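# Need the 3D shape of this:
(one chain, ligands or ions: 2)
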Amino acid sequence: MFMKVKNICCIGAGYVGGPTMTVIADKCPHIKVNVVDINQNRIDLWNSKDLNFLPIFEPGLDQIVKRCRGKNLFFSTEIEKHIALADMVFISVNTPTKKKGIGAGQASDLKWVEICARQVSKYAVGHTIVIEKSTLPVRTAEVIKTILESQDIQNKKQKTFDVLSNPEFLAEGTAVNDLISPDRVLIGGESDSAIKSLKDIYQNWVPENKILQTNIWSSELAKLTANAFLAQRISSINSIGALCESTGADVREVARAIGTDTRIGSKFLDSGPGFGGSCFKKDILNLVYLSNYFGLPEVANFWEGVVRFNKWHQHRISKLVVKKLFGTVSEKKVAILGFSFKANTNDTRESAAIQICRDLLAEGAELLIHDPKVIEKQIELDLGEQAINNHKNINESDSKVIKSGWEKCDKIDQCFKNVDAALILTEWKEYSEINWELASKSMRHPAWVFDARSIVNPEDVRNANLNLWRVGDGS
Ligand code: NAD
Ligand code: UGA
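Ligands and ions are numbered 1, 2, ... in the order given. I've put the predicted structure just below:
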């Protein structure tokens, strides 16, 4: 029977749960949306009065939160209560790669999803539609359904469930726009009435022809496949970039030339420092695990190559910096411009900057790191022990000489003092507006600009008496 949803509970107030539910609340004022999480700190930040303190930075998100929060959008840790009140529960928790046991290093760890399913099973009241929003391996819906339906006998008659797959395709940095104008919304499931209820929500702002329906397994696999194809495309262009550097070609020109072929298309062809983000690597490794599990090692090897290549490419960039700086960066200062895995997000998960900074620190370099949105504590966590021991804050000890390790610079110009090189790792707009003439005056010469994102104007850099390396530029 079709159910008009009035109350949603989303478990997981992260990069997906937070923005997704905020947009649903905004587009569906008739629905009460409760986003719940076990992380009290995260919930407190979502509830912070000063919108600058929201736990996730996404352009435009703060204004929508401001419009809806306290009206039909609520953030809390009262998980049980809101499951009980909900007609529809979204599971939007983390599904990282397993660290130990069977499938370690490849399979997704479904621990958190399983906990959610058990909680929903226990606290749901009446009929509940459960939505897989997290990215999950094929056939996870079966596991969720089994758990949901294994309640104690007494409750069994009073509770019923439908499970749908509704993977999220938003990209960080453009989440709000991706949610408001999605290329498609994918719904996989068997129950026509449950599908209708979910469709009814999206139809408040998404045209019907963009809402695709598949069986549940196709929906789960389509999500993994989309990420695998996107990541493969980046590894493809980065591989050609490396070849360009050795042959005198220019990867931007090659990308333009192939991108005009409508079958290939022009998007997602920017060579960079290697893909990062919480999902590409994790989802491909999951695909690798599944392929092996289903007895298809050739398929597994094919996809594993994409991840292997990406790692090689990140190391290639750090090696190249060392090579250009006369084979050693020991006790040399290098400015790192950008630490997030892409622009317009404060997320650093799997950021190429982490591997590249670690490589340079291992070579003895002293790093001056700038990022407009990533906080110092996060960098400290990402660079681990190796850096923490030597870590100082630039504001606390401006005048002291750094022996080793890294410092966070709050302003871009603080990064150039006595550095031998500036390495651009994230395509933040402000880095395309750097006054290189001025920067050059602070740097130790001969000095280099390494532009792993192709965002500087080459002439400006060269005119400032600086050497320039650009990714994929062999010209
Ligand atoms: P995240 O780590 O930012 O957020 C997950 C949240 O779930 C955390 O705040 C955690 O505390 C909470 N949580 C875990 N177990 C819980 C429980 N039992 N009860 C309540 N809260 C719990 O993760 P994310 O980036 O939002 O990703 C979530 C899922 O969405 C993943 O499967 C991911 O692959 C997928 N996805 C992510 C993106 C993205 O851009 N980040 C895009 C599409 C899909
Ligand atoms: C990606 C997908 O684009 C989303 O559709 C998907 O929902 C999401 O993963 C997910 O499942 O988590 P995201 O990782 O947020 O989104 O960001 P992307 O824009 O895809 O960028 C991923 C990485 O590739 C970044 O490090 C980015 O800098 C890099 N990239 C992207 C390039 O190096 N070149 C490009 O041309 C595009």
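# rest of the way, CA atoms for contacts and neighbours
Will do.
# The residue most central in space within the chain and ligand 2, how far apart?
For the chain, the residue nearest the mean C-alpha position is Gly277 (3.6 Å; CA atoms, centre = their mean). Using CA to the nearest ligand atom, to the nearest Å, one gets 4 Å for the distance from Gly277 to ligand 2.
# got it, and Phe74?
Distance, Phe74 to ligand 2, by CA to the nearest ligand atom: 24 Å.
# I'd guess that residue is in a helix, am I close?
No: going by DSSP: H, G, I helix; E, B strand; the rest coil, the assignment for Phe74 is strand, not a helix.
# residues in contact with the residue nearest to the centre of the chain?
Neighbouring residues of Gly277 by CA atoms under 8 Å, 6 or more residues apart in numbering: Phe341, Lys342, Asp347, Thr348, Arg349, Glu350, Ser351.
# so is the fifth one in a helix, a strand, or just coil?
Remark: Arg349 carries the secondary structure label coil [criterion: three-state DSSP].
# what pLDDT does the residue nearest to the centre of the chain get?
Here the pLDDT value assigned to Gly277 is 96.
# Please identify which helix or strand holds it.
Following DSSP states H and E, one finds Gly277 outside all helices and strands.
# Ok, Val35 next?
For Val35, the enclosing helix or strand under DSSP H and E is strand 32-36.
# and that strand, what's its mean pLDDT?
In this model, strand 32-36 has an average pLDDT of 98.
# For that strand, which strands pair with it and how are they oriented?
Applying DSSP bridges to the sheet, strand 32-36 is found paired with strand 7-11 (parallel), strand 73-76 (parallel).
# Which one, of those strands, ends up nearest to Asn227?
strand 7-11 (22.9 Å; CA to CA).
# How far off centre is the helix or strand that the closest one is followed by?
Using DSSP H and E, the helix or strand that follows strand 7-11 towards the C-terminus is helix 17-27. Centroid displacement of helix 17-27 relative to its chain, using CA atoms, centre = their mean, to the nearest Å, is 18 Å.
# tell me the average confidence for helix 17-27?
The model assigns helix 17-27 a mean pLDDT of 98.
# Backbone dihedrals for Val130, both of them.
The phi/psi pair for Val130 (degrees, to the nearest 10) reads phi -100, psi 130.
# Report the separation between it and Gly17.
Applying CA to CA, to the nearest Å, the value for Val130 to Gly17 is 14 Å.
# So for ligand 1, which of the strands paired with strand 32-36 sits nearest?
Ligand 1 lies closest to strand 7-11 among the strands paired with strand 32-36, at 5.0 Å (CA to the nearest ligand atom).
# hang on, Leu320 in a strand?
No: counting by three-state DSSP, Leu320 is not part of a strand but helix.
# ok, back up a step: kindly calculate the angle that the strand holding Val35 makes with helix 17-27.
Angle of strand 32-36 versus helix 17-27, following axes from the mean of the first three to the mean of the last three CA atoms, to 10 degrees, is 170 degrees.
# Downstream of strand 32-36, the next helix or strand is which one?
Using DSSP H and E, the helix or strand that follows strand 32-36 in sequence is helix 40-46.
# Please identify the buried residues of that next one?
Of all the residues in helix 40-46, those buried under the rule 16 or more other CA atoms under 10 Å are Arg42, Ile43, Asp44, Leu45, Trp46.
# now do stretch 96-111
Neighbour counts over stretch 96-111 (16+ other CA under 10 Å) mark Pro96, Thr97, Lys98, Gly103, Gly105, Gln106, Ala107, Ser108, Asp109, Leu110 as buried.
# What are the boundaries of the strands in the stretch 351-475 of the chain?
Under the criterion DSSP state E, counting those that start in this stretch, the stretch 351-475 of the chain carries strands at the ranges 366-370, 392-393, 405-408, 421-424, 448-451, 467-470.
# Distance to ligand 1 and mean pLDDT added to these, as TSV?
Formatted as TSV, these follow (distance: least, CA to the nearest ligand atom, whole Å; pLDDT from 0 to 100):
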stretch	distance to ligand 1	mean pLDDT
strand 366-370	22	97
strand 392-393	27	41
strand 405-408	24	94
strand 421-424	22	98
strand 448-451	25	98
strand 467-470	28	98
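# Using JSON lines, please lay out the ones you listed together with mean neighbour count.
Below are the strands of the stretch 351-475 of the chain laid out as JSON lines (neighbours: other CA atoms under 10 Å):
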{"stretch": "strand 366-370", "mean neighbour count": "26"}
{"stretch": "strand 392-393", "mean neighbour count": "16"}
{"stretch": "strand 405-408", "mean neighbour count": "26"}
{"stretch": "strand 421-424", "mean neighbour count": "26"}
{"stretch": "strand 448-451", "mean neighbour count": "25"}
{"stretch": "strand 467-470", "mean neighbour count": "20"}
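# For Asn238, find the nearest of those.
strand 467-470 (12.3 Å).
# elements contacting that closest one?
Other elements packing on strand 467-470 under the criterion 3 or more CA pairs under 8 Å, 6 or more residues apart in numbering; DSSP states H and E are strand 448-451, helix 458-463.
# now for these, which one comes closest to ligand 2?
Of these, the one closest to ligand 2 (CA to the nearest ligand atom) turns out to be strand 448-451, at 12.7 Å.
# Sheet partners, orientation included, of the closest one?
Paired neighbours of strand 448-451 in the sheet (DSSP bridges): strand 421-424 (parallel), strand 467-470 (parallel).
# what's next to it, contact-wise?
Identification of contacts with strand 448-451 by CA under 8 Å, 6+ apart yields 321, 420-425, 461, 466-471.
# okay, that strand in CSV with CA atoms only?
Extracted in CSV, the C-alpha atoms of strand 448-451 (Å, rounded to 0.1, in the frame of the first residue of the first chain):
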residue,chain,number,x,y,z
TRP,A,448,60.2,26.1,-8.2
VAL,A,449,56.4,26.1,-8.6
PHE,A,450,55.0,22.6,-9.0
ASP,A,451,51.4,22.9,-10.2
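# Please see if that strand touches ligand 2.
No: Strand 448-451 lies out of reach of ligand 2 by CA under 6 Å from any ligand atom, never closer than 12.7 Å.
# OK, contacts around Arg453?
Going by CA under 8 Å, 6+ apart, Arg453 touches Asp270, Ser271, Gly272, Pro273, Ile424, Leu425, Thr426, Glu427, Arg470, Val471.
# Taking these, tell me the two that lie furthest apart.
Farthest apart among the contacts of Arg453 by CA to CA are Asp270 and Ile424. That separation is 14.3 Å.
# residues near the closest residue to ligand 1 within the stretch 351-475 of the chain, how many?
For the stretch 351-475 of the chain and ligand 1, the shortest gap (CA to the nearest ligand atom) falls at Ser351, measuring 12.6 Å. Ser351: 24 surrounding residues under other CA atoms under 10 Å.
# Could you do Ser235 as well?
Neighbourhood size, Ser235 [other CA under 10 Å]: 25.
# cool, Lys332 as well?
Applying other CA under 10 Å, we find 20 residues neighbouring Lys332.
# how about it, what does it touch?
Lys332 touches Gly364, Ala365, Glu366, Val419, Asp420, counting by CA under 8 Å, 6+ apart.
# More neighbours: Val130 and Gly17, which one.
Between Val130 and Gly17, counting by other CA under 10 Å, Val130 is the more crowded of the two (27 against 22).
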